[in-house]
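Asks: What follows is a protein structure lacking sequence information:
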């Protein structure tokens, strides 16, 4: 009976939001490969999503071109795509990326948010950043243009 009550409770009770692992300052792994940025776009400062997947300390080559904003950058020669701020970078193998997705959660009972994710060839999506509602919409065409990869919009929904 206890497991039935727990199961029902888990279905209907709002779960506490758990932050993904936060890396202490200086403990992010360093990317040791070469980075030669061909193209990039600056995105109003939002922040790189903390997670265990694909997260590295921002390479020094990227720090040289950062201007207090975020960069989504492409390195064709080394087959890399990065999303970087002054401390963290999400780094992906460019040819493994099958698409980008933008989803807007509209405000209702809760606040609204926007999410930018990258879809990889193995079928999983990884959130790379989040911001205010519709933050990423204005960058969709430019992201597609510099990467050659489609950007889709997931259906909007209300934060009820």
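Replies: Looks like it came in fine. Keep in mind the model is a prediction, meaning the values are calculated, not measured. Residues are numbered from 1 along each chain as shown.
Asks: who does the host helix or strand of residue 99 touch, helix- and strand-wise?
Replies: Element membership of residue 99 [criterion: DSSP states H and E] is strand 97-107. On a contact count with 3 or more CB pairs under 8 Å, 6 or more residues apart in numbering; DSSP states H and E, strand 97-107 meets strand 113-120, helix 140-147, strand 151-153, strand 157-159. In this view, the C-beta of every residue, glycine as well, is placed from N, C-alpha and C.
Asks: which of the ones you listed is buried the deepest?
Replies: Mean neighbours per residue, mean count of other CB atoms under 10 Å, is largest over the helices and strands packed on strand 97-107 for strand 113-120, with a mean of 20.
Asks: how far out from the middle of the chain is that strand?
Replies: 5 Å (CA atoms, centre = their mean, to the nearest Å).
Asks: Sheet partners, orientation included, of it?
Replies: When pairs are called by DSSP bridges, strand 113-120 turns out to pair with strand 97-107 (antiparallel), strand 125-131 (antiparallel).
Asks: And the pLDDT for the residue most central in space within the chain?
Replies: Taking CA atoms, centre = their mean, the centroid of the chain lies closest to residue 128, which sits 0.6 Å from it. Residue 128 carries a pLDDT score of 94 in this model.
Asks: which residues touch it?
Replies: Counting by CB atoms under 8 Å, 6 or more residues apart in numbering, residue 128 touches 48, 49, 83, 90, 116, 117, 118.
Asks: could I get these as TSV with pLDDT and distance to residue 30?
Replies: Listed next are the contacts of residue 128 as TSV, based on pLDDT from 0 to 100; distance: CB to CB, whole Å:
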residue	pLDDT	distance to residue 30
48	92	15
49	89	19
83	96	17
90	96	14
116	96	24
117	97	25
118	97	21
